[in-house]
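>>> sequence and predicted structure below; questions after.
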Amino acid sequence: MPDEAYTLEVSSDRINISSNETAAGFFYGVQSLLQLMPAAIYDGDRKYEGKIRIPAVSITDAPRFPHRGAMMDVGRNFLPKEEVLKFLDLMAFYKLNKFH
């Protein structure tokens, strides 16, 4: 399995994420699992109550390109720490691996 690749298998009784020896593949598998969950769990203003239903899937994924990045010019445009952290969360969501 290439670096950053993973397999995500969801069935009615278990969730399995497998990758090679790198943490990146497992991390991207977790990102895909989070994307399968309902959007309501991300509402920071209230606690999500109820069962979380995740569809049964089998996903095998690997990046096509080794460099997948984004740039934030904080030298000319100051941003508060919270905005930078939100940007990093979005990078993780889209499985980008380089931050400039």
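It's in. Keep in mind the model is a prediction, meaning the values are calculated, not measured.
>>> in the chain, which residue is most central in space?
Closest to where the C-alpha atoms of the chain average out (CA atoms, centre = their mean) is Q31, at 2.5 Å.
>>> not counting its neighbours along the chain, what's nearest that residue?
Of all residues not flanking Q31 in the chain, A92 sits nearest, at 5.8 Å (CB to CB, 6 or more residues apart in numbering). Yep, even glycine has a C-beta here, placed from its N, CA and C like the rest.
>>> contacts for the helix or strand encompassing the one you found?
Element membership for A92, per DSSP states H and E: helix 81-93. With CB atoms under 8 Å, 6 or more residues apart in numbering as the contact definition, helix 81-93 has outside contacts at F27, Q31, L34, Q35, A70, M72, V74, L79, F99.
>>> give me the buried positions along it.
M91 (16 or more other CB atoms under 10 Å).
>>> and for stretch 56-63?
Buried, per 16+ other CB under 10 Å, within stretch 56-63: P63.
>>> what mean pLDDT does it get?
Averaged over stretch 56-63, pLDDT sits at 96.
>>> and it, how far out from the chain middle?
Computed by CA atoms, centre = their mean, to the nearest Å, the chain-centroid distance of stretch 56-63 equals 13 Å.
>>> who's in contact with that stretch?
Stretch 56-63 has contacts (CB under 8 Å, 6+ apart) with 1-2, 4-12, 28-29, 32, 36, 95, 97.
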